[in-house]
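Novice: This is a predicted model, with the sequence first.
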Amino acid sequence: MAVIGIMDSGVGGLSVYREIFKLLPHEKYVYYSDNAYCPYGPKGAEFIQRRATQVAQTLLDKGADVIVVACNTATAAAIELLRSTFPVPFVGMEPAVKPAAAATRSGVVGVLATKGTLSASKYHDTKEAYGSVIKVVEHVGEGFVELVESGAGLDLASPKALETVRASVQPLLDEGADTIVLGCTHYPFLIDFIREVAGPEVQIIDPAPAVARQTVHVLKEHGIPFSQAPADGTPADIELLASGPRDSLERIFSRL
Ligand code: DGL
């Protein structure tokens, strides 16, 4: 059995855990929400590197065989450092511009992500790689992480949540985006609001299923044993850790 460590600034990484669990239902999971320091998005790279290093060490101390950095912002700031510091493989995340470029019909792809992700050189390199084929426009999901962490974004009747989402999604639509990439792991928890604003014609791309497949690939590549048996309803073996209060983590987990 593999021990899979998953880290994020908060509950967002549970949107990635949900997909990994579908493929690997019999492994042990340790999830770390660094919510005492959430959001990471507006913070500097050095701060995020320090936090990511500490969180990864905690997951390693818990026996993690592989660590999924289920956070685009932390991946952009710290994955190279993590890979060079620790002896286990790391799986990272980045905005899924590639599948979006293949899917768009209007030729305009919108990326929703945090300030940290959008200002990182990793993102600029990706954007440049597709810049000659499609137009990529972006917007920070202002207030999205706070909506998810506070639980306010889980109330589908909340007019405040809808207006918060509209303020960041509408500018992408105004630029002609017909495909929207969710470049932050908190945003899938707001997908109903994003769909409501964007309408049925706009495709929304969440990279979590691809990250789950990559996790399986990494386990195989490193010879880490895991069960290939299909899900049989056995409850998840997961330990939930948080650097701050645990209520948001338990609230979201209970809804998965
Ligand atoms: N969930 C994270 C991401 O994927 C970070 C959100 C935040 O802390 O700002 O980027």
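Specialist: Received the coordinates, thanks. Numbers count the residues shown, from 1 in each chain.

Novice: Residue 239 in helix, strand or coil?
Specialist: strand (DSSP: H, G, I helix; E, B strand; the rest coil).

Novice: got it, and residue 117?
Specialist: Three-state call for residue 117 (three-state DSSP): helix.

Novice: For the ligand, see how far away the closest residue to it other than its chain neighbours is.
Specialist: Here the nearest residue to residue 117 in space, its sequence neighbours aside, is residue 72; by CB to CB, 6 or more residues apart in numbering that works out to 4.5 Å. Just so you know, the C-beta spots here come from the backbone N, C-alpha and C atoms, and that holds for glycine as well. Distance of residue 72 to the ligand, given as CB to the nearest ligand atom, to the nearest Å: 4 Å.

Novice: can you check residue 114 too?
Specialist: Using CB to the nearest ligand atom, residue 114 is found at 4 Å from the ligand.

Novice: just residue 66 next, same as before
Specialist: In terms of CB to the nearest ligand atom, residue 66 sits 18 Å off from the ligand.

Novice: tally of neighbours for that residue?
Specialist: 21 (other CB atoms under 10 Å).

Novice: residue contacts, it?
Specialist: Neighbouring residues of residue 66 by CB atoms under 8 Å, 6 or more residues apart in numbering: 2, 4-5, 88-91, 215, 218-219, 222, 224.

Novice: is it in a bridge, and if so with what?
Specialist: Bridge pairing for residue 66 (DSSP bridges) gives the partners residue 4.

Novice: Renumber starting at 42 from here on
Specialist: Done: numbering now begins at 42, and the last item shifts to residue 107.

Novice: What parts of the protein come near the ligand?
Specialist: 49-51, 53, 79-82, 112-114, 155, 158, 186, 225-227 (CB under 6 Å from any ligand atom).

Novice: Among these, name the ones in helices.
Specialist: Judged by DSSP state H, these include 113-114, 158, 186 as members of helices.

Novice: The residue nearest the centre of the chain: what's it in contact with?
Specialist: Compute the mean C-alpha point of the chain, and by CA atoms, centre = their mean the closest residue is residue 226, 2.5 Å away. Contact analysis of residue 226 by CB under 8 Å, 6+ apart lists 49, 53-54, 56-57, 111-113, 134, 249.

Novice: Now the buried members of these.
Specialist: Buried by 16 or more other CB atoms under 10 Å: 49, 53-54, 56-57, 111-113, 134, 249, out of those.

Novice: re earlier: using JSON lines, lay out the contacts of residue 107 together with pLDDT.
Specialist: As requested, these are exported to JSON lines (pLDDT from 0 to 100):
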{"residue": "43", "pLDDT": "97"}
{"residue": "45", "pLDDT": "98"}
{"residue": "46", "pLDDT": "98"}
{"residue": "129", "pLDDT": "98"}
{"residue": "130", "pLDDT": "98"}
{"residue": "131", "pLDDT": "98"}
{"residue": "132", "pLDDT": "98"}
{"residue": "256", "pLDDT": "98"}
{"residue": "259", "pLDDT": "98"}
{"residue": "260", "pLDDT": "98"}
{"residue": "263", "pLDDT": "98"}
{"residue": "265", "pLDDT": "98"}
